[in-house]
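# sequence first, predicted model second:
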Amino acid sequence: QVQVEESGGGLVQAGGSLRLSCTVTGRTTRTYWRSWFRQAPGKEREFVAAISGNDERTYYADSLEGQFAISFDNAKRTVYLQMNSLTPEDTAIYYCATFNSGQYYQAQDWLYWGQGTQVTVSS
C-alpha cells in the first residue's frame, strides 16, 4: 500500500511564492514517477508537473513552465513543487500523485493520490 500526503498550501498574495511538499510512503520505489495536478472550482483536474523515477526528468504544463519547478529528494521520499509569481488563476486544490501507468499528463493514468492541499492567491 502507498500513502501520499501533501502539505504547504495556504493563502498568498499575487506575485508571491509557495513551496508544496508531497511525501510518499509505503510500498514504493525510486522508480515511481511523481506528479502534481490541480483542480480549480468548477474545472477539471489539470496536469501541472511530473518528474520521472530514476533519472528525474521533469515535465510541465506548457503554461506553467518557467513559473513552477518540480524536484525530488529521494532520502526524504518527498517531491516538491516550487511555485513563483502566483496569480489568482493559480488558486486551486493541488494534488500529488505517484505510480504512472500511461500518459504522465492524464490524471486517470496515476494510481495513488493524496487528499490535496488548498492554494489560494489573493489579488
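Sure, I can see it. Keep in mind that what you see is a predicted model, and the values were worked out from it rather than measured. Numbers count the residues shown, from 1 in each chain.

# so which residue is dead centre in this protein?
Centroid-nearest residue in the chain: Trp36, 2.1 Å away (criterion: C-alpha atoms, centre = their mean).

# that one contacts Gly9, doesn't it?
No: assessed by C-beta atoms under 8 Å, Trp36 is found out of contact with Gly9, at 11.6 Å. Quick note: C-beta positions are derived from backbone N, CA and C, even for glycine.

# what's the overlap in contacts for those two?
Leu20, Tyr94 (C-beta atoms under 8 Å, 6 or more residues apart in numbering).

# so how far is Leu11 from Val79?
23 Å (C-beta to C-beta, to the nearest Å).

# more crowded one of these two?
Each of Val79 and Leu11 has its neighbours counted (other C-beta atoms under 10 Å); Val79 has more, 28 against 12.

# show me the contacts for the residue lying closest to the more buried one once chain neighbours are set aside.
Spatial nearest neighbour of Val79, excluding adjacent residues (C-beta to C-beta, 6 or more residues apart in numbering): Arg34 at 4.3 Å. Contact analysis of Arg34 by C-beta under 8 Å, 6+ apart lists Cys22, Val24, Ala50, Ile51, Ile70, Phe72, Val79, Cys96, Ala97, Thr98.
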